[in-house]
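**Q** Sequence first, then the predicted structure, then my questions.
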Amino acid sequence: MSTKSSQALRLEVPTDFGFTEEHALLRQETRRFLNERLPMGELRKLADAGIAFDRGLWKEIAELGWVGLVLPESMGGAGLGWLHLAILLEEMGRRLVPGPFLGSLLAGVALREGANDAQQARWCPGIASGDLVATIALTEAGGAFETSGVAGTADPVDGGWVLRGRKTHVLGGADAGLVVAPFREPSGAVSLFAVETPNAALTAERETCIDATRPTARLSFDAVRVARDARLEGDAATAWNAVLVRGCAAIAAESVGGAESVLLTARDYAIARKQFDRQIGFFQAIKYPIVDMMCGIELARSLASGAAAALDAGSPGAETLARMAKAHASDVFANAVRKGVQIHGGYGFTWDCDVHYFFRRAMWSRAMLGDAIHQRRKLADVLFDR
Amino acid sequence: MSTKSSQALRLEVPTDFGFTEEHALLRQETRRFLNERLPMGELRKLADAGIAFDRGLWKEIAELGWVGLVLPESMGGAGLGWLHLAILLEEMGRRLVPGPFLGSLLAGVALREGANDAQQARWCPGIASGDLVATIALTEAGGAFETSGVAGTADPVDGGWVLRGRKTHVLGGADAGLVVAPFREPSGAVSLFAVETPNAALTAERETCIDATRPTARLSFDAVRVARDARLEGDAATAWNAVLVRGCAAIAAESVGGAESVLLTARDYAIARKQFDRQIGFFQAIKYPIVDMMCGIELARSLASGAAAALDAGSPGAETLARMAKAHASDVFANAVRKGVQIHGGYGFTWDCDVHYFFRRAMWSRAMLGDAIHQRRKLADVLFDR
Amino acid sequence: MSTRPEETESKENAEFRRDVRAWMAANKPAHPGFKLPQSFLEVESERQFEFLRAWQRKVYDAGYLGLDWPAEYGGKGDPLKRQRIVSQELNRAGAPFLVNVIGLQWAGPTILAFGTEEQKKRHLQPILSCEEIWCQGFSEPGAGSDLASLTATAEPTADGWLVTGHKVWTTLAHVAKWMILLARTDQAAHKYAGISYFLFPMDAPGVTVQPLVKMTGEGGFNQVIFDQAPMPKSALLGQLGQGWQIAMTTLTFERGAAEGTGGGQATPSESSIRAVVDLAQRVRREGRFAAEDPVIRDRLVQLWIQEEGLRLTGQRARVAGLNMDDRPLATRLMNKLVYSELGQNLTEFACEVLGPDAALWLGDPCAPDKAEWPRAYMNSFGVTIGGGTSEVQRNIIGERVLGLPKTK
Amino acid sequence: MSTRPEETESKENAEFRRDVRAWMAANKPAHPGFKLPQSFLEVESERQFEFLRAWQRKVYDAGYLGLDWPAEYGGKGDPLKRQRIVSQELNRAGAPFLVNVIGLQWAGPTILAFGTEEQKKRHLQPILSCEEIWCQGFSEPGAGSDLASLTATAEPTADGWLVTGHKVWTTLAHVAKWMILLARTDQAAHKYAGISYFLFPMDAPGVTVQPLVKMTGEGGFNQVIFDQAPMPKSALLGQLGQGWQIAMTTLTFERGAAEGTGGGQATPSESSIRAVVDLAQRVRREGRFAAEDPVIRDRLVQLWIQEEGLRLTGQRARVAGLNMDDRPLATRLMNKLVYSELGQNLTEFACEVLGPDAALWLGDPCAPDKAEWPRAYMNSFGVTIGGGTSEVQRNIIGERVLGLPKTK
């Protein structure tokens, strides 16, 4: 962890999370928009047709200002905080919004934290407006999310760099106009590079993702030639850490929303379905897992919004809270879908039941950016001061 | 673990566990005797009066041949197998039989595995007849059960040894006529020594044990002078390992019995107690924990009897099974008492309810000879072949 | 992880085991090159089915199926022990499963117990030889856990019955020749007493089989619609109105509470633990192998202990004196509950071990083990739900084994 | 682990907090040398009680109790926020708990909500000053989770009622001056409608207080037998037959669903996680510190995450927009369930960390932390059972928050 443990132990969150009416409005409007634009039937159509990236939907989302929500106004964004984003992502998670949103979001974080003014000016407005789909290549084969796992290389050549390596699970990797990715320089230092596409030496192969709403790809950098200023001129370690921490907070918020949908679906089924002449929600075998699901979700929501508020406040405990939120929300979501299928019985085991779409998202979300086992190992170092 | 992993992976258990009518008879007779001799009211009297070692009961038990059950007939024992013992211990666990039984049992194991003929002839018949209460000092401050944790020292002096050290949690430590304990020689090697009491330099302080049926003590060896032949003349490592493995198997079997009692108590209460005009066992909130308790107990019983059968067969997988049995039975027992208290509601929280006696035994049994976390760490080395 | 015991086996049985093992080694088919189903719940394509049918036929022809069934019905009349040895060796060899599971394990034993001489003669041998596949028509859309609320009816005609109704989760219905069918023959009778049990010919007119798609996106089970579908008098098994009682017997076989006969296996094999260990030794997480992570090791050992406990429970269940005399059914009735949840825990954990690559799905060329793990995890719900949900199992154990009051 | 937020606190509040903190540092009493109870459920001896009563009195005299209660009843009429700051600082300082918990958190707020002007004037100030201790007479031997089946009766007389019945789990009854009492005043009425709520004087004749012994072997709570015990007309709180409704309000306070007022605290404090970390850093297991065992670290982090989640939930619960609009009560009603089970998990785990020394009990000179951990684990059942069992809590959440059908 980048923070000193003595600092990280102070998990200050602003009193009352600095919550304002504005946040409530954002939740309301987001929910209203998604209820209309992406009811479950519509999501099913996209997912079943394998349309993980619907450009029409993307355009609408971009016009609502979501993609640039947390980018500064100077970069074309709305300049809002991470608590806003957490609310937005929770609502997006409820509806399993497909597309490369997270990739663009985190590419924006990388540029904001790790690029110079010229680089930010060049790419950020396009990202914020949605015109430039961007992404960040977070992992390579072997599944590491820390820079220590970066094996791809960047070699300086006359006037630029040659990039070689293979990145996996890249969100929107086959659709992005800009790929931010870490490569290791001959000195051993890891730097971030922003690569515009198309590039003849950069090939993207779509992955068959368990979650059909996630347009992921494997990228092969086969001696990709880029200009000198493709290397982000900020502190790569800082930028990378910001991406990881904010990525954890983002997936946590999204997972809370996904789990919430499963909870409501299971709740409704427990009320509607009858067996033994009773609504099945009568039975504590059904009731208790739903209650426990809710309790888990509420704690996860607290951690996710607490992490967001801490990020907004610049609290040194933000990383700890973000990792806690990721660990807990991942597990809560995974547990919710597991119980969700079971509660629906035979119907839950079919494609017709909505739960499996959330099941797939939960599998994806748990696996990305470090699962709970990984996060807790990091957190133990904070808790035990080593 | 002492066994080679390639061997340990073959967890052979004799088909049908080599079970005979004799085993069934032993269970029946043991149960009948304990039902009469040690009904819960009698156990309560002993425990509440702090009588962890009732010599009358001990004499009866000894006369039944329990103490020497698995010692060879040549040493005055009954020469029966560990499957017999597992059945006996399960029944003893059901009734929380107080006293130093385990200590004498494991001292016998140490002598059988690690002493020469003369030493065996000197002490084993007394142990088997119950006339000589023996014990083994398994742990020192710091709580290690492996010989690597032995800090007590044995220094050779003219014609004998001087022993120094402090042993904790010694079963029957203040009542035993013979204490077997490991000490480290100047060479670094650990040997087992058999010390007869009383000995002026050996003081025993009774511990206040959480389980009032366990007469444990702390022993201080303050330059205890013993003769040369007090050192057991067999392979100490083999003997120690035998004690640990058989100790794990024994506590596992006893824990199965304890958990079984809690199960039956909870079951009966769930049938007798009414709330909301229903027997509380109607509610799945009560029914399911009881069912899960039963399933856990049945698996633990299988592991405990499997381990015993493997010990009888001399299977190289016996250690693995014994550690599995200890890990699982400890957790099952601990979980049973936890749920057992909760199922009994406010009554379960009182001294009047029997469950707390089992609760205390479960706490003791989990903690001794390595808890589940410890056992699983050892087992992982077998499973992962390192 | 562990092999079956041989040391105390009789000389004859040990010899038999050696023969079976040798035969398996020589005859186990090579992988056909196309995706094989993980269990009989997932047989989708014709070629999968034909491959599996041929394998069962081969096992039968070799004399290794129906060993404990009477010789006059195609079996051998040997002790059950012999069939158990075959099952163990099938498992050990990693051979394909026997596809006619419903026939071998549920319908067959039920017919043996309740069938007329004629029915036994007619049905049992083609089950063993895999000539005739069986499916099961118990559940309905409105009658799942509450099976007795089923509404399919069999209306009497001059020479038999006409069936009308809707059955779901009918695994193998698309290839089945016969169905064990529960239908209501007396509307006026008590919920349980009005049900009868039939051996229904799937080629009757008025039967429509529609595939259902599972949460994995795969097929393998179906719904069956009956519209005045006729069956002859000989279709009735047992007495009219005895259906519920017979069905409970079938479910006992299905849940492995009674010992599987005929062949086939039900528990998550020891090899699945080994497979996850193997996986952990291949997968890297943050630069080191998953197998080096103490938390992963601890979790996997927990599952190993459960699996070993379950295996030994199966062994112990056959030894009266090692069971609690006041609940002889305990170890048998808990079998399905424990193994299905263990299987779910194990496959879910395997997905955790996988790390980010758990997100790669069937058909992705880079998916570890061809995405068998997330697929197996999803399919595990077929087992915790099918054949009586875990919730129903817990009720049954609580009520029938422990004598707790019924929750209804 | 974490300290309360101060940065965005108003200047006045921050100043107040500094004052409180300074006062605590100067006035927190030294450990008296005898065993102190872990909570108000365990006050056994006179000296324990007097020590705690003196401490509460001191806090009150300093002006730090009842801040949010109206000035005319002994309070200060400040915003609740102020009292919350005091609670946080009490916690932070590791000060003894406030012994009159039932008065401060359950009886007091209920009287504030339902009492007559006279009752408020009479009872509230002595609660704050600890002059008059309160206990609670709700549960009976046959009425635990099913509280409404209580059978204690209050028979009307010319100038009040005569109480006959049997109450159990009456914490502090042996030192209490008053009891909030539920008794049946109308046998003919519906189960719920026949109950009334009284402020009963414990010094009435016909009252017998008998200590109950807890599973730890310690006292601290009691049973109370009423044999025609008289109380005056002024004892009735609210309307006759309104008892059930008022009791539900009290239970809401008891379970922390409504914010505790008056002072005192309910959640397992962050310091308990820190204490287990500290323990793990002292205890050796097989030669290395428990804190070095990755499995122990992992488990403890799980508990830490829960604790932090619960703390943040408390913070968030006060912010409407951060809660689900369709279940505003969720975070409050789940509080007792989650913290009591977390406390149980944490104390049980501490015993695991202890290794063999977990077997040393109260009074053993070598017991780590004077055997506080096994004792705390046992006492944790007082919280998962008392004030409505975890089972009752799950029913309430399922039914009142999620709208699931009642299980009865």
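**A** Ah, there it is. Numbers count the residues shown, from 1 in each chain, chains lettered A, B, ... in the order given.

**Q** quick one, domains of chain C?
**A** C:5-129, C:134-240, C:270-401 (automatic domain parsing).

**Q** Can you tell me which of those domains is most buried?
**A** Comparing the domains of chain C by mean neighbour count (mean count of other Cβ atoms under 10 Å in any protein chain shown), domain C:270-401 comes out on top with a mean of 21. For every residue, glycine as well, the C-beta is placed using N, CA and C.

**Q** residues in contact with the residue lying closest to C:Leu128 once chain neighbours are set aside?
**A** Closest residue to C:Leu128 apart from its sequence neighbours, by Cβ to Cβ, 6 or more residues apart in numbering or on different chains: C:Gly66 at 4.2 Å. By Cβ atoms under 8 Å, 6 or more residues apart in numbering or on different chains, the residues touching C:Gly66 are C:60, C:73-76, C:83, C:124, C:128, C:262-263.

**Q** Output these as a markdown table; include the columns secondary structure and pLDDT.
**A** Shown next, in a markdown table, are the contacts of C:Gly66 (DSSP: H, G, I helix; E, B strand; the rest coil; pLDDT from 0 to 100):
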| residue | secondary structure | pLDDT |
| --- | --- | --- |
| C:Tyr60 | helix | 96 |
| C:Tyr73 | helix | 96 |
| C:Gly74 | coil | 94 |
| C:Gly75 | coil | 93 |
| C:Lys76 | coil | 93 |
| C:Gln83 | helix | 89 |
| C:Leu124 | helix | 96 |
| C:Leu128 | helix | 96 |
| C:Gly262 | coil | 36 |
| C:Gly263 | coil | 36 |
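
**Q** and which of those residues is nearest to D:Lys167?
**A** D:Lys167 lies nearest to C:Gly262 out of the contacts of C:Gly66, by Cβ to Cβ, at 62.7 Å.

**Q** With C:Gly103 as the reference, measure out to the residue nearest to C:Leu128.
**A** According to Cβ to Cβ, to the nearest Å, C:Gly66 and C:Gly103 sit 11 Å apart.

**Q** How about A:Ala310?
**A** 61 Å.

**Q** returning to what we had before: adding distance to A:Val150, write the domains of chain C out as CSV.
**A** Formatted as CSV, these follow (distance: least, Cβ to Cβ, whole Å):
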stretch, distance to A:Val150
domain C:5-129, 35
domain C:134-240, 34
domain C:270-401, 11
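
**Q** Please name whichever of those is nearest to A:Arg122.
**A** Nearest of these (Cβ to Cβ): domain C:270-401, 30.2 Å.

**Q** and that closest one, how far out from the chain's middle?
**A** A distance of 16 Å separates the centroid of the chain from that of domain C:270-401, by Cα atoms, centre = their mean, to the nearest Å.

**Q** cool, stretch C:124-139 as well?
**A** Worked out by Cα atoms, centre = their mean, stretch C:124-139 lies 13 Å from the chain centre.

**Q** now do stretch A:361-376
**A** Worked out by Cα atoms, centre = their mean, stretch A:361-376 lies 11 Å from the chain centre.

**Q** Need the distance between the two termini of that stretch.
**A** Terminal residues of stretch A:361-376 are spaced 21 Å apart (Cα to Cα, to the nearest Å).

**Q** Report the secondary structure element holding the residue positioned nearest the centre of chain A.
**A** Centroid-nearest residue in chain A: A:Ile251, 3.9 Å away (criterion: Cα atoms, centre = their mean). Per DSSP states H and E, A:Ile251 falls inside helix A:236-272.

**Q** Show me what that helix packs onto, helices and strands only.
**A** helix A:82-94, helix A:101-114, strand A:190-196, strand A:278-279, helix A:284-313, helix A:318-343, helix A:355-367 (3 or more Cβ pairs under 8 Å, 6 or more residues apart in numbering or on different chains; DSSP states H and E).

**Q** now A:Ser315: how far from B:Ala115?
**A** Noted for A:Ser315: a distance of 65 Å to B:Ala115, by Cβ to Cβ.

**Q** Next: A:Val133.
**A** As for A:Val133, its distance to B:Ala115 is 78 Å (criterion: Cβ to Cβ).

**Q** Show me which of those two is the more surrounded one.
**A** A:Val133 (27 against 24; other Cβ atoms under 10 Å in any protein chain shown).

**Q** Please look at the more buried one and A:Phe101 and confirm they touch.
**A** No. Shown here, A:Val133 and A:Phe101 do not form a contact pair, counting by Cβ atoms under 8 Å, at 9.7 Å.
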